[in-house]
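Enquirer: need a structure here:
(4 chains)
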There are 2 protein chains.
Amino acid sequence: MQPLDWNQLRAFLETADTGSLSAAARKLGLTQPTLSRQVAAIEQSMGVTLFERVGKAMVLTSTGLDLLEHARAMGSAADALSLVATGRSQAVGGVVSVSATDILASRILPPLVRRLREKAPGIAVEVITTDSLSDLQRREADIAIRHVKPAQPDLIARLVRDVDAYFYASEAWVKAHGHPRTATDAASVPFIGSDRNGLYLGMLQHHGLRVTETNFCCYANHSVVQWSLVRDGVGIAPMMEEVALATPGVVRVFDDLPPVRFPIWLVSHRELRTSRSIRVVFEALAEGLASISDVSPD
Amino acid sequence: MQPLDWNQLRAFLETADTGSLSAAARKLGLTQPTLSRQVAAIEQSMGVTLFERVGKAMVLTSTGLDLLEHARAMGSAADALSLVATGRSQAVGGVVSVSATDILASRILPPLVRRLREKAPGIAVEVITTDSLSDLQRREADIAIRHVKPAQPDLIARLVRDVDAYFYASEAWVKAHGHPRTATDAASVPFIGSDRNGLYLGMLQHHGLRVTETNFCCYANHSVVQWSLVRDGVGIAPMMEEVALATPGVVRVFDDLPPVRFPIWLVSHRELRTSRSIRVVFEALAEGLASISDVSPD
DNA sequence: GAGAACTCATGCATTTACGTATAGATAAGA
DNA sequence: TCTTATCTATACGTAAATGCATGAGTTCTC
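Expert: Here you go, the predicted structure:
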């Protein structure tokens, strides 16, 4: 009874989760041939067929599905271990990863990181830009900046502040089409969309704007791209006041409307509370976000 | 965020469980330097101290203890995965491991294995001799032959039969010291002990024999050794009737006493029920043990 | 239907990790 | 106290795992 190779199981888990050897390889920092061989090694040594190689995709067999359940349990335990480990890490320096939405990551965070580096040169900050909420349980990031209050009890969250976003258009656009001020003006104005499932549209309507699907002249799922489209006079979109003020060539429209107000939560895992490096970054971000004095130029 | 090496975690788990790198290396089929490096690699990459190297022993730190908890969860999941995997194995051949007490392993099993090999040459049988109950959950064996009814619900057990054991002495001893027949005769007769905590003594007394600690002329925790001592005329011990009949030079004593009767259970894990190889061995053992027709010569 | 952009599997060179051997250190026993 | 039997940590040659390059196959698009 030879003990089985746990790294091969890790390869199996990632392959099953991502759906392909290539994607798993990217996640694990290995190459696709390596993963291919590791998965094949399990199948051979155990005498089971994990995947059905049907063309491009690797689809799990029923046995693979049963084994995946346990591999997933191993993965969760490994994640928890990693979490506790970094929490207990006595190392003062190291890398602390922060996940944020793109606009925060590109405009707000850089000055904060620069100031942090001056105070604590030993700590390297990894900025992770994600569209979806990064999973702190899986240690995809040490600290997350979110705009919704996290529900999980394992997480510690601090409400840093509320930020206001107003609607903006480019100066050129206003000069050509006029200055929309009221909510009813919105009906004949091109907006930059964010998603195509109506979520963003609903948010605008909920805010009082008279807009429909036809108002969207284009879509961009990243705020930086949205903002670039606004600056180039393509359409109108809301933006954090601090960022807008630092952007030349844009003017605020819908002046009568109240700002779109949303919170900034700083979230970390409870286990990481004991790590000194992470605490330092957490506090620095909390302080820096509370009073945004500096915004990166575009 | 680099993904951590699961094999290193496995090394940590075994080291913590066994208490030494050397013991862990033996269990994992690796060498002590390898384990030493793997554990050190965790400590370095995570920046934690898992063990306190105090002289010979490696004692867990408090951090190590916390991490061990999760590593153990990984180990349990890995064991469960391995269990399901071998159960689903389509391979007809392979190795099936059977654990048994030493006397069964050395005298009863060999003929059964020989007959099984004739019927199913593709299956290799691994006989594991353990003093303690082998842990089927941990896959220390595929099939276990036990003398107590297993309690765990995950295990499937079949009562194969009851075997009778009588007390025996060597012919030479009887010729020199006479033939003890009744339970009261036992008081002045040398017995071979099995353990030194009184468990075995209690069993003898419970059976009606008038013996005390002073009756034990020597101890042997293995039945084969006990039996050798009996044959050499050192003392008296009980033995399975089938084995005793196949051993020349021994005579039954305490003829008036009823036999020591104990059951033979054939136990396997529920998950392994689907493995054809294991089922074949299970049935062969059940049939062979039901009517023991052949006993290996000493 | 041809091409682009993916995917997975295989051959080959290299790096990594392993085992063997050894030294230092500790605990038990004569 | 000296011996013996452990255990862990390091040095070095080797074998195994990895990465790179390539080929074959599939899906999607134009």
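Enquirer: And the strands in chain A?
Expert: All strands of chain A, identified by DSSP state E, fall at A:51-54, A:57-60, A:94-100, A:123-129, A:143-146, A:155-170, A:191-193, A:216-219, A:237-240, A:250-253, A:260-269.
Enquirer: Just send those back as TSV, with mean pLDDT and mean neighbour count too.
Expert: In short, each C-beta sits where N, CA and C put it, glycine included. Formatted as TSV, the strands of chain A follow (pLDDT from 0 to 100; neighbours: other C-beta atoms under 10 Å in any protein chain shown):
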stretch	mean pLDDT	mean neighbour count
strand A:51-54	79	12
strand A:57-60	82	15
strand A:94-100	87	21
strand A:123-129	87	17
strand A:143-146	92	22
strand A:155-170	92	17
strand A:191-193	91	23
strand A:216-219	87	15
strand A:237-240	94	24
strand A:250-253	95	19
strand A:260-269	91	19
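Enquirer: Tabulate those (TSV), appending distance to DNA strand C.
Expert: Formatted as TSV, the strands of chain A follow (distance: least, C-beta to the nearest atom of the strand, whole Å):
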stretch	distance to DNA strand C
strand A:51-54	5
strand A:57-60	5
strand A:94-100	19
strand A:123-129	20
strand A:143-146	27
strand A:155-170	32
strand A:191-193	24
strand A:216-219	20
strand A:237-240	28
strand A:250-253	34
strand A:260-269	28
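Enquirer: For the stretch 1-150 of chain A, what lies in contact range of DNA strand D?
Expert: A:7, A:29-31, A:33-34, A:37-38, A:55-56 (C-beta under 7 Å from any atom of the strand).
Enquirer: picking up where we left off before, B:Asp162 is nearest to which of the strands of chain A?
Expert: Among the strands of chain A, strand A:57-60 comes nearest to B:Asp162, with 46.7 Å by C-beta to C-beta.
Enquirer: Give me the sheet partners of that closest one and which way each runs.
Expert: strand A:51-54 (antiparallel) (DSSP bridges).
Enquirer: Put the alpha carbons of the partner strand into CSV.
Expert: Taking C-alpha atoms only, strand A:51-54 is exported to CSV below (Å, rounded to 0.1, in the frame of the first residue of the first chain):
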residue,chain,number,x,y,z
PHE,A,51,-11.8,12.3,-16.9
GLU,A,52,-13.4,11.5,-20.2
ARG,A,53,-11.2,13.1,-22.9
VAL,A,54,-13.9,14.3,-25.3
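Enquirer: Hmm, A:Asp256 is touching A:Arg181, no?
Expert: Yes. The criterion here is C-beta atoms under 8 Å, and A:Asp256 meets it with A:Arg181 at 5.6 Å.
Enquirer: For DNA strand D, see how far away A:Met74 is.
Expert: 17 Å (C-beta to the nearest atom of the strand, to the nearest Å).
Enquirer: A:Met46 - how many residues pack around it?
Expert: Using other C-beta atoms under 10 Å in any protein chain shown, A:Met46 is surrounded by 22 other residues.
Enquirer: per-residue pLDDT, the closest residue to it other than its chain neighbours?
Expert: Computed as C-beta to C-beta, 6 or more residues apart in numbering or on different chains, the closest residue to A:Met46 that is not its neighbour in sequence is B:Ala85, at 4.4 Å. Note for B:Ala85: predicted pLDDT of 88.
Enquirer: OK, contacts around the residue lying closest to A:Ala71 once chain neighbours are set aside?
Expert: Nearest in space to A:Ala71, with sequence neighbours left out and distances taken as C-beta to C-beta, 6+ apart, is A:Leu13 at 4.2 Å. Taking C-beta atoms under 8 Å, 6 or more residues apart in numbering or on different chains, we find A:Leu13 in contact with A:68, A:71-72, A:74-75.
Enquirer: list the contacts for the residue nearest the centre of chain A?
Expert: Residue closest to the mean C-alpha point of chain A, counted by C-alpha atoms, centre = their mean, is A:Thr130 at 2.4 Å. By C-beta under 8 Å, 6+ apart, the residues touching A:Thr130 are A:99, A:101, A:140.
Enquirer: And the residues you listed, which is closest to A:Ala290?
Expert: For the contacts of A:Thr130, the residue nearest A:Ala290 by C-beta to C-beta is A:Thr101; the value is 17.8 Å.
Enquirer: quick revisit: can you redo the strands of chain A as TSV with distance to B:Gly47?
Expert: Below are those laid out as TSV (distance: least, C-beta to C-beta, whole Å):
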stretch	distance to B:Gly47
strand A:51-54	37
strand A:57-60	36
strand A:94-100	7
strand A:123-129	13
strand A:143-146	18
strand A:155-170	22
strand A:191-193	45
strand A:216-219	44
strand A:237-240	36
strand A:250-253	46
strand A:260-269	17
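Enquirer: any idea how far A:Ser291 is from A:Gln8?
Expert: A:Gln8 sits 51 Å away from A:Ser291, going by C-beta to C-beta, to the nearest Å.
Enquirer: Just want to know which of these two has more residues nearby.
Expert: Set A:Gln8 next to A:Ser291 and count neighbours by other C-beta under 10 Å: A:Gln8 wins out with 21 against 9.
Enquirer: Hmm, A:Ile42 and the more buried one touching each other?
Expert: Yes. Assessed by C-beta under 8 Å, A:Gln8 is found in contact with A:Ile42 at 5.0 Å.
Enquirer: Which pLDDT value belongs to A:Leu133?
Expert: The model reports A:Leu133 with a pLDDT of 72.
Enquirer: so how far is DNA strand C from it?
Expert: Noted for A:Leu133: a distance of 24 Å to DNA strand C, by C-beta to the nearest atom of the strand.
Enquirer: got it, and A:Asn197?
Expert: 24 Å.
Enquirer: next one: A:Leu109
Expert: For A:Leu109, the distance to DNA strand C - C-beta to the nearest atom of the strand - is 29 Å.
Enquirer: List the residues that contact that residue.
Expert: A:98, A:100, A:127.
Enquirer: again, only using 10 Å
Expert: A:98, A:100, A:103, A:116, A:125, A:127, A:129, A:145, A:285, A:288-289, A:296 (C-beta atoms under 10 Å, 6 or more residues apart in numbering or on different chains).
Enquirer: tell me which of these is nearest to A:Pro238?
Expert: Closest to A:Pro238, out of all of these and judged by C-beta to C-beta, is A:Ile103, at 10.9 Å.
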